[in-house]
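Q: sequence unknown, structure follows:
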DNA sequence: TTGACATATATCCATATGGAGATATGTTCG
DNA sequence: CGAACATATCTCCATATGGATATATGTCAA
């Protein structure tokens, strides 16, 4: 069992380097599949499949334009990832605060023994 | 080929829901492997292996304490993930700015035709 | 040293998943 | 309708990777 797959979450979607490459291309704006294929070094079927995964988790939106499909970012759906990172940034900051407190404490102790 | 594996990147490490569970446990502070096993519902070998992956990408640090190994967060190494999310947040903000500009433009046009 | 305990590692297997290629679907145009 | 084109989907296969279990490693205590 390759474990809990449930690929349908943002973390998994972004965990793949090729999908991040596609997202990077889309940072420059809406693009057709063919254009994406030209920018990243992947086959068209690969790009289409990755786009599907990205679409399933809401990171990209698609609209038809004649015989093409234009994809664009929908980065609002990065929210869970953003929230998650923010949680750990609080952990970092708390730790820094504690270090600061500790340094201040050392400082005070130094002053005391000096007296 | 299950694709570019190179598990040794933060995105992949965090892409697994079980590893995120372990990180969440460590948010409460340094813990021994046994304590982590008790908190998450995974076997000890599983926890150890996930801890190894997390250690390889620098997200956790380990120190020996008698016959135990105490693990703690090293969230500084979330930096790449943080930077990545920030990049896309700029994309969101730019888009919002553009919408604002557009709304202002509509406003001006409305005023013009009204005159 | 021996035994108990904590953790890491090795083995085996199941499966999710990506790559490659062929083909289906859908769209435009003549 | 048929041809050309853009994209999606399907099939086959390789493999990375997680789960489970057994076992090795390392540490403490007596």
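A: It's in. The model shown is predicted, which means the values in this text are computed figures rather than measured ones. Residues are numbered from 1 along each chain as shown, chains lettered A, B, ... in the order given.

Q: now the strands: where do they sit in chain A?
A: Remark: strands assigned in chain A by DSSP state E are A:31-32, A:60-65, A:68-73.

Q: what would the ones you listed look like in a markdown table with mean neighbour count and distance to residue A:91?
A: Where you see a C-beta, it was placed from the backbone N, CA and C, and this is true even at glycine. Output for those, formatted as a markdown table (neighbours: other CB atoms under 10 Å in any protein chain shown; distance: least, CB to CB, whole Å):
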| stretch | mean neighbour count | distance to residue A:91 |
| --- | --- | --- |
| strand A:31-32 | 18 | 37 |
| strand A:60-65 | 14 | 31 |
| strand A:68-73 | 18 | 29 |
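
Q: Out of the ones you listed, which is closest to chain B?
A: Ranking those by proximity to chain B (CB to the nearest CB) places strand A:68-73 first, at 6.1 Å.

Q: which strands and helices sit next to the closest one?
A: helix A:17-26, strand A:31-32, helix A:33-39, strand A:60-65 (3 or more CB pairs under 8 Å, 6 or more residues apart in numbering or on different chains; DSSP states H and E).

Q: avg pLDDT for that strand?
A: Averaged over strand A:68-73, pLDDT sits at 96.

Q: is that strand anywhere near DNA strand C?
A: No - shown here: strand A:68-73 not in contact with DNA strand C (CB under 7 Å from any atom of the strand), separated by at least 8.3 Å.

Q: From the chain's centroid, how far away is that strand?
A: 19 Å (CA atoms, centre = their mean, to the nearest Å).

Q: what does that strand contact?
A: A:23, A:26-27, A:29-34, A:36, A:51, A:55, A:59-64, B:88, B:91 (CB atoms under 8 Å, 6 or more residues apart in numbering or on different chains).

Q: circling back to that earlier point, for the helices and strands packed on strand A:68-73, which one sits closest to residue B:14?
A: helix A:17-26 (12.8 Å; CB to CB).

Q: circling back: take the strands of chain A and write them to CSV, including distance to DNA strand D.
A: Compiled in CSV, those are given as follows (distance: least, CB to the nearest atom of the strand, whole Å):
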stretch, distance to DNA strand D
strand A:31-32, 3
strand A:60-65, 6
strand A:68-73, 4
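
Q: Now render these as JSON lines, adding distance to residue A:82.
A: Below are the strands of chain A laid out as JSON lines (distance: least, CB to CB, whole Å):
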{"stretch": "strand A:31-32", "distance to residue A:82": "24"}
{"stretch": "strand A:60-65", "distance to residue A:82": "17"}
{"stretch": "strand A:68-73", "distance to residue A:82": "14"}
